[in-house]
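let me see the structure of the following:
(one chain, ligands or ions: 1)
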Amino acid sequence: MTAKINFMDVEEPGIAVITGASSGIGESFARILSSQGFDLVITARRKNRLESLAAELKQKHGINVEIITGDLSQPESLEEIASYIETINNLDVLVNNAGFGTTENFISKNSDINIFMKMINLHCGATARLMHAALKNMQNNDRGVIFNISSIASLILYGSREPMYHSTKAFVSAFTEMVQLKLNFIKSKVKLKSICPGNTHSEIWGESATAAPGKFGGPMHPEEVVDIALNSYKNRDIIVITGDHNIEEVVEWREVAYNKPGRYFSRDFSKTGFVKNK
Ligand SMILES: NC(=O)c1ccc[n+]([C@@H]2O[C@H](COP(=O)([O-])OP(=O)(O)OC[C@H]3O[C@@H](n4cnc5c(N)ncnc54)[C@H](OP(=O)(O)O)[C@@H]3O)[C@@H](O)[C@H]2O)c1
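This next block holds a predicted model:
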C-alpha cells in the first residue's frame, strides 16, 4: 500500500480534532485534513452541519469521523471534549478554531457583559484547556501539532476596534508562543502555531460569508488560510501571519505604535544607558 501524502509526512496519519468545524476555516481544515488521510473528531454547536460534513467526508475519503456537539464556552461541554481528547492515543492534530466576533462595545454602558465573558471562555479558556488535554498524548508520542486560530488582531491594537476580540486573540498568540518556547526548552518535537489570518470570507461576517478587503489586500478564502497553516508545519515559525498583505498591515501598525510617544515607552532609554552605544 502506498502511503498517503500529508503535511506531516508521516506513514500513518493519526487523528485530527477540529473545533468550530461547522463552517469557515474549521470546515476547510476538516476537508483538507480528511483528504490527506487523517481521521477526524469535529465539534461545534450546529449538529446538522457536522452530520452532513461527516457523511460527505467519510464517503469521499474513506476515513472515520466522530462528532461532538456542544458550546465550548460552557464548562460541561468543554470538559466533555477535553476528556475525550485525553483518550486519543494517536492524536496528531488539534485545531483550536471555534471563535466569534461581536459588534458590542465594551465601554458602552448598555453593552452585554455576558458576550465578553463568553468570548474570554471560548477564545482563551477553551484554547488553553484543549491544548493541555492534547499535549499529554502528543508529548508521550513526541509528535503532533496544535494550530490555534488567532488573528492579525492579536498583533495590532487600534483604538477604533473592539478591545475584547483583539485582547483575547492577543492571549492566543502570546500563550502559543510561550508554550512552544517551553517545549523547545525540553527539546520536544511537538509543534504549536498561532495562525493569524486577516479578513477571510466566512460566516463570521454574516450569512453571506463575504469579508471586505483589508488595508493592503485580501480578503482570503478559508482554504488559503489552511494551506498556509499546514505549510508552516515544516518551518519553525510560531506566529504565522497569513499572506504578505497581512504582514504589511502588522508591520505598519508596529512601526507607528512603537514610534508614537505615550504608547510604549515613557522614558528615553538612550539617555539612561539602557540602549547600548552604537
Ligand atoms: N474570517 C475572518 O476574517 C477571520 C480573521 C481572523 C481570525 N478568524 C478566526 O477564525 C476562527 C474561525 O472563524 P471563521 O472565520 O471560520 O468563522 P465562522 O465560519 O463563523 O466559524 C466559527 C466556528 O466556530 C464555531 N463556534 C462559535 N462559537 C462557538 C461556541 N460557543 N462553541 C463551539 N463552537 C463555536 C461555529 O460553529 P457553531 O456556530 O455551529 O457552534 C463555527 O464552526 C475564529 O476563531 C475567528 O476568530 C477569522
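
how about the residues of the stretch 151-278 of the chain near the ligand?
Contacts of the stretch 151-278 of the chain with the ligand, taken as C-beta under 6 Å from any ligand atom, map to 151, 197, 199-200, 202-204, 211. Backbone N, C-alpha and C define where each C-beta goes, glycine included.

repeat that for the stretch 1-150 of the chain.
Residues of the stretch 1-150 of the chain lying near the ligand (C-beta under 6 Å from any ligand atom): 20-26, 44-46, 49, 71-73, 97-100, 122, 149.

name the nearest residue to the one residue in the stretch 51-200 of the chain that gets nearest to the ligand, ignoring sequence neighbours.
Minimum separation of the stretch 51-200 of the chain from the ligand (C-beta to the nearest ligand atom) falls at Gly99, amounting to 2.2 Å. Leaving aside its sequence neighbours, Gly99 sits nearest to His123 (C-beta to C-beta, 6 or more residues apart in numbering; 5.7 Å).

ok, back up a step: now the two most distant members of the residues of the stretch 151-278 of the chain next to the ligand.
Ser151 and Glu203 (15.5 Å; C-beta to C-beta).

which one's more surrounded, these two?
Shown here are Ser151 and Glu203; by other C-beta atoms under 10 Å, Ser151 has more neighbours (27 against 14).

ok, the nearest residue to that one once chain neighbours are set aside - contacts?
Among residues not flanking Ser151 along the chain, Lys169 sits closest, at 4.5 Å (C-beta to C-beta, 6+ apart). By C-beta atoms under 8 Å, 6 or more residues apart in numbering, the contact set of Lys169 is 123, 150-151, 153-154.

show me which of those are buried.
Among the contacts of Lys169, those classed as buried by 16 or more other C-beta atoms under 10 Å are 123, 150-151, 153-154.

wait, the residue nearest to Gly99 sits on Ser167?
No: checked against C-beta atoms under 8 Å, the pair His123 and Ser167 is beyond contact range at 9.1 Å.

which ones are touching Asn199?
Each residue near Asn199 by C-beta under 8 Å, 6+ apart is listed here: 205, 211-214, 218-220.

likewise Ala209?
With contacts defined as C-beta under 8 Å, 6+ apart, the neighbours of Ala209 are 23-24, 201-203.

sorry, back to before: and the pLDDT at the residue nearest to Gly99?
Looking at His123, its pLDDT stands at 98.

before we move on, what about the one 3 residues further on?
The model reports Ala126 with a pLDDT of 99.

what's the neighbour count on it?
By other C-beta under 10 Å, the residues close to Ala126 number 26.

do Thr127 as well
Residues near Thr127, counting by other C-beta under 10 Å, number 27.
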